[in-house]
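Peer 1: Sharing a model prediction with you, sequence too.
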Amino acid sequence: MKEALIVGAGATLGALTRWAITLALPVVLPVPLDGIHLVNVLGCLAMGYFAPGKFWGTGFLGGFTTFSGVAIAAALSSPLGAIALLAVYFVVCVGAWLFGDALRTRTRGTA
């Protein structure tokens, strides 16, 4: 139960942070939920760089990022646009995680 509370508290803070960032960001990209896209990429980068534990990783970054935002953006696109969005998302988010992991390894000397 303690672990669930730790993860839940982190997820709550992460979701509130996501909400605040997406409200604060001006609409820059001509795609739905552009703030959500930025948040998801930043979350992947942070996960790779910090390699966090239960509260910050599973909890905070889990609540900070959102798959449902990607699903909505894909649903609002044409079929080809949805496929392109998901492919780009996969490459960019996995790339952000790998970049963060490489930075952590280089700057901290840990694997």
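Peer 2: Done, it's in. Numbers count the residues shown, from 1 in each chain.
Peer 1: Would you mind measuring from residue 96 to residue 81?
Peer 2: 21 Å (C-beta to C-beta, to the nearest Å). Yep, even glycine has a C-beta here, placed from its N, CA and C like the rest.
Peer 1: Tell me which of the two has more neighbours.
Peer 2: residue 96 (20 against 13; other C-beta atoms under 10 Å).
Peer 1: May I see the buried residues of the lowest-mean-pLDDT helix or strand in the chain?
Peer 2: The weakest-scoring helix or strand in the chain, judged by mean pLDDT, DSSP states H and E, is helix 67-75 (a mean of 88). For helix 67-75, burial by neighbour count (16 or more other C-beta atoms under 10 Å) applies to 69, 70, 73, 74.
Peer 1: I'd like to know which elements it is packed against.
Peer 2: Applying 3 or more C-beta pairs under 8 Å, 6 or more residues apart in numbering; DSSP states H and E, we find helix 67-75 packed against helix 34-50, helix 79-108.
Peer 1: Could you check the angle it makes with helix 34-50?
Peer 2: 140 degrees (axes from the mean of the first three to the mean of the last three C-alpha atoms, to 10 degrees).
Peer 1: Now do helix 67-75 and helix 79-108, the angle between them.
Peer 2: 140 degrees.
Peer 1: quick check, distance from helix 67-75 to the centre of its chain.
Peer 2: Relative to the chain's own centre, helix 67-75 is displaced by 13 Å; criterion: C-alpha atoms, centre = their mean, to the nearest Å.
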